[in-house]
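K.L.:
could you work out the structure for the sequence below:
(one chain, ligands or ions: 1)
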Amino acid sequence: MRIPVYDPLPEVEFLWPELEEAFRRVMRSGRYILGPEVEAFEEEVAQYLGVKHAIGVNSGTDALVIALRALGVGPGDEVITTPFTFFATAEAISLVGATPVFVDIDPRTFNINPDLIPSAITPRTKAILPVHLYGLPAEMDPILEIARSHGLKVLEDCAQAFGATHKGRKVGTLGDAGAFSFFPTKNLGGFGDGGLIATNSDEVAERARMLRAHGSRRKYYNEAVGYNSRLDALQAALLRVKLPRVDAWNEARRQVALRYNELLSDIPGLVLPEVSPGHVFHQYTVRIPGRRDEVQRALEAQGIGTMVYYPVPLHRLPVYAHMGFSLPQAERASEEVLSLPMGPALDAENLSRVREALWGALKGL
Ligand SMILES: Cc1ncc(COP(=O)(O)O)c(C=O)c1O
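P.N.:
Residues are numbered from 1 along each chain as shown. You can find the predicted model right below:
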């Protein structure tokens, strides 16, 4: 039996009767976009996160784009971010007409290195966009302090970190706004695209709601060029079934990570992640210096799925390469990282198969 890098089906099977009931409810309601299901989901997420406003949108990418615009980021502005993330993080900055300024990562956490942020600030800098990569919160204390002292906005990219906490507070509520994704593989994954913006600011929330609906607060009285980026009622209803389980599933992921760290500790040539508090292990990512691709092929041959998040740091992609950034830690990480199978339902047998395969590939070192 193949072990996929992530398998959404155990959650679906487990929740089937409730998902079916939510599906029927929406089908028979006659309301398929926004409406009471989305409002209820927004309220439940706001309560879960401990934030004043939650605004459902079409995708995590749209959540970033709309949040940036709602925060007043636009043409001519610079936004400081990490090069070691999914393309959408920087793409959103470019889409609003601003310029991403890439700052290297901390090799231990894979997240933006706050010590390097101050020297990247220019008179055009408008915001900092940290990413909580793999489910590990970025170092928010220094980031918020730098932002405060320079008058910058902070937008958190929480696509991979639903439910992650920083000193007991949920990510997405620490900065001026947070952007979440409900892409099916995420810790709170939908059944199609979906996303959400969280903010404590009434003004940002109002602008985000206006922008997601073609720039109108009142139908047909459009006041800005916005987007068609409304969350579907069906996604909201299905996500409402999953939301109450997300903490238990995140805890199960942490237990899988702890078990991996025990099982893999004696394998030569592997660098294991720290299981720090608040980490929700969207991915369990190891480093394999010098032999990553070879090990990935060996695992694949034994039916074990793995992924490289991400093989090219954003500043090396054709879109941004002309900017000439040189960011050695992100470049090195992109050559060494390998994400192993992860999910709340991974059992002991699966984990020992992964261990045996890694041991077989690396024992001769
Ligand atoms: C870090 C990060 N940012 C943004 C996104 C974009 O989210 P979506 O796919 O929902 O547009 C993703 C995931 O896909 C992501 O991993």
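K.L.:
going forward, measure contacts between C-alpha atoms and count neighbours the same way
P.N.:
Noted.
K.L.:
show residues contacting stretch 241-251.
P.N.:
Residues outside stretch 241-251 that contact it (C-alpha atoms under 8 Å, 6 or more residues apart in numbering) are Leu15, Glu18, Leu19, Ala22, Val45, Gly163, Asn187, Leu188, Val280, Phe281, Pro344.
K.L.:
residues in contact with Gly168?
P.N.:
Going by C-alpha under 8 Å, 6+ apart, Gly168 touches Gly278.
K.L.:
if we go to 10 Å?
P.N.:
Residues near Gly168 by C-alpha atoms under 10 Å, 6 or more residues apart in numbering: Pro277, Gly278.
K.L.:
roughly how far does it sit from Leu174?
P.N.:
When distance is defined by C-alpha to C-alpha, to the nearest Å, Gly168 is 11 Å away from Leu174.
K.L.:
what's the answer for Glu335, then?
P.N.:
Following C-alpha to C-alpha, the distance that separates Glu335 from Leu174 is 32 Å.
K.L.:
give me the low-pLDDT residue ranges for the chain?
P.N.:
Residue ranges of the chain with pLDDT under 70: 365.
K.L.:
how about 80 then?
P.N.:
Residue ranges of the chain with pLDDT under 80: 364-365.
K.L.:
got the residues of it near the ligand?
P.N.:
Counting by C-alpha under 6 Å from any ligand atom, the residues of the chain close to the ligand are 59-61, 85-86, 88-89, 157, 159-160, 181-183, 193-195.
K.L.:
show me which of those residues are buried.
P.N.:
Buried members of the residues of the chain next to the ligand, counted by 16 or more other C-alpha atoms under 10 Å: 59-61, 85-86, 88-89, 157, 159-160, 181-183, 193-195.
K.L.:
run through the bridge partners of the residue in the stretch 151-300 of the chain positioned nearest to the ligand.
P.N.:
Residue nearest to the ligand within the stretch 151-300 of the chain: Ser181 (4.1 Å; C-alpha to the nearest ligand atom). Ser181 forms beta bridges with Gly195, as assigned by DSSP bridges.
K.L.:
so it makes contact with Leu188?
P.N.:
Yes: with contacts counted by C-alpha atoms under 10 Å, Ser181 reaches Leu188, the gap being 8.2 Å.
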